[in-house]
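Enquirer: sequence plus predicted model, see below.
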Amino acid sequence: MPKVRTPCTCAKIYLISTTTTPSLGPLHSLSFGWPFHNTMSAIHFRAPTVRKLIGVAVLATGVLALYSYSTGTPLRFTSFQTPWSQKTCTPQAYSDGTWVYHPRTNATKMTDPKDAHAFSGFEACASSREYFWHLASDREDQWDRFPKAQSWQWVPGRGCEDMRSLDPAAMVKDMVEDGGWYLVGDSVSENHFFSLSCILYPHVRAEPDWTLGGFDRAWPQYLYLKPDSPMIPYIKFPEGFNISTTPLVKFRRIDILLSQEQLIGIHNSIQPSDTVLEDASLFSDEAVWTMPPSEYLAEFNAPLPEGNYGTMIVSTAGHWTTNLFAKTSPPGIEGVINLFREAMKHWMDEVQMALWQSHKLRSAKMGASQRKRPRVVVRAYLPGHENCHDHRDPWKKIQPWNNRWFNWADIWEFNDVFDKLTSDNKKYPDIHYLGIDRPARLRPDAHASGDCLHIMSGAGVLEGWSHYIWQYVTRELS
Ligand SMILES: *[C@@H]1O[C@H](CO)[C@@H](O)[C@H](O)[C@H]1NC(C)=O
Ligand SMILES: *[C@@H]1O[C@H](CO)[C@@H](O)[C@H](O)[C@H]1NC(C)=O
């Protein structure tokens, strides 16, 4: 079993607030999250000292300005807003917003699966995995959902006025300098990975190449910085970072966060002493992909050039069903949630311990201020929507359930377990719960073509997760 590795030898310099980032790619003309808070206009009605500061910084970054003029892309001043940020764009504030109609195209209908790119504001997607399934344009009989499904923007609630626009160029820079993203979860997290591969295109390439044939859900998936990304001259690379082998993003399919053996053990250990389980095997034979935390924590903490991760993004609940956990005691969803509650305590303890260990090793090598603490964010899991393909618009309010499909009506309880556990931030200072599920809960129209749980890339839901997580780890956490 892999252990926590030796510390990373990288020297890091953090640029805090005075760098401008040239914005590249088609996404710079749109922002998934805050459409009206962008570049110059937002700056102009701030104090005159702001303009002075901008003047100085623009002089200091003349090269960038030249670059910007020569490519015709506008400079972005969003990073200047940092000094005024009050770190108030909490997950709650972000979630307390609305979807506003904001089409990115004048087209009125889909005539080709590739139209989904333009409708979504993507140039293309780097991942080749189930490409048009992820964009939900794989079924012509549902093309009447487009481009409307991609024509909404999430406007977050009060406190998020200074949120940076989703900026792929700035994101890849942060993913090198601040550490990459390591995604842990089920097929919905795989949706998230695919969407990231579209947001960050053309700065990234993806592995594996699924067009070569064969597939295994257990294969890790990666995004790497492309050597021809125009951002390369503007990134401060930590020592040892290898553009061709050090990932920016990694996804591991890990449905239930612990191994089945570990969960069987925990299940046994929480039974009242007078209980004798007739069958302690806990699971049905339903397929599940998972591994013990020690394995993925070792990957997350691996030193350069193998790893340069700063943020682990975790989400689970969808596979915690009475079908998979068929033999809990007590039986039924109550037994599953009970087990989940206990299992997540174990998980939190092990993860926080590994984060402490890794932080200690890293800072012993580099000095405490050289590197941010590695952190884990738990993204709220998301139930699907009943009869989702009948819907063509976002909701204004989350609607009650008519049926109890899968464990959807109970998902809130799983999220609540993380919400409560992480609220003890003395015990778990580096694990954060992001209750940012509301935007997605309001989007029955944003699902994949074949089911009502998976979410299409480009509708703003998955992109909103990336946008907020980026904001949270680079701005809200200090
Ligand atoms: C839509 O058409 C108008 C008028 O021709 C044009 O100004 C605008 O830029 C177009 N919008 C998009 C998103 O292409
Ligand atoms: C990066 O990794 C590749 C593949 O292993 C290797 O060929 C190359 O020499 C490495 N580059 C550096 C700068 O170490």
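Expert: Sure, I can see it. Numbering: from 1, shown residues only. Ligands and ions are numbered 1, 2, ... in the order given.
Enquirer: where do the strands sit along this protein?
Expert: According to DSSP state E, the chain carries its strands in the segments 21-22, 75-76, 98-101, 152-155, 180-185, 204-207, 221-225, 249-253, 309-314, 375-379, 431-434.
Enquirer: mean pLDDT lowest for which of these?
Expert: Averaging pLDDT over each of the strands of the chain singles out strand 75-76 as the lowest, with a mean of 36.
Enquirer: show me the shaky parts of the stretch 251-400 of the chain.
Expert: Applying pLDDT under 70 to the stretch 251-400 of the chain flags residues 366-371.
Enquirer: ok so, going back, turn the strands of the chain into a markdown table, including distance to ligand 1.
Expert: (Each C-beta comes from the backbone N, C-alpha and C, glycine too.) Converted to a markdown table, the strands of the chain look like this (distance: least, CB to the nearest ligand atom, whole Å):
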| stretch | distance to ligand 1 |
| --- | --- |
| strand 21-22 | 22 |
| strand 75-76 | 19 |
| strand 98-101 | 13 |
| strand 152-155 | 13 |
| strand 180-185 | 30 |
| strand 204-207 | 25 |
| strand 221-225 | 27 |
| strand 249-253 | 29 |
| strand 309-314 | 31 |
| strand 375-379 | 31 |
| strand 431-434 | 31 |
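Enquirer: please report how far the nearest residue to Asp138 once chain neighbours are set aside lies from Gly458.
Expert: Counting by CB to CB, 6 or more residues apart in numbering, Phe132 is the residue found nearest to Asp138 once chain neighbours are left out, at 4.1 Å. Phe132 sits 11 Å away from Gly458, taking CB to CB, to the nearest Å as the criterion.
Enquirer: and for Ser329?
Expert: Distance from Ser329 to Gly458, by CB to CB: 44 Å.
Enquirer: out of the two, which sits in the busier spot?
Expert: Gly458 (30 against 19; other CB atoms under 10 Å).
Enquirer: any idea how far that one lies from Gly464?
Expert: The spacing between Gly458 and Gly464, counted by CB to CB, is 12 Å.
Enquirer: same check, this time on Ser229
Expert: Relative to Gly464, Ser229 is positioned 24 Å away (CB to CB).
Enquirer: and for Glu386?
Expert: Distance, Glu386 to Gly464, by CB to CB: 22 Å.
Enquirer: between these two, which has more neighbouring residues?
Expert: Neighbour count, other CB under 10 Å: between Glu386 and Gly464, Gly464 has more, with 25 against 16.
Enquirer: got the residues of the stretch 1-150 of the chain near ligand 1?
Expert: By CB under 6 Å from any ligand atom, the residues of the stretch 1-150 of the chain that approach ligand 1 are Arg104, Thr105, Asn106.
Enquirer: how about Leu263, nearest residue that isn't a chain neighbour?
Expert: Counting by CB to CB, 6+ apart, the residue nearest Leu263 is Ala343, at 5.9 Å.
Enquirer: from Leu361, how far out is the one you found?
Expert: Per CB to CB, Ala343 is found 27 Å from Leu361.
Enquirer: when the two are compared, which one has more neighbours?
Expert: Ala343 (22 against 17).
Enquirer: pretty sure that one contacts Ile266?
Expert: Yes: if you go by CB atoms under 8 Å, Ala343 and Ile266 touch, sitting 5.1 Å apart.
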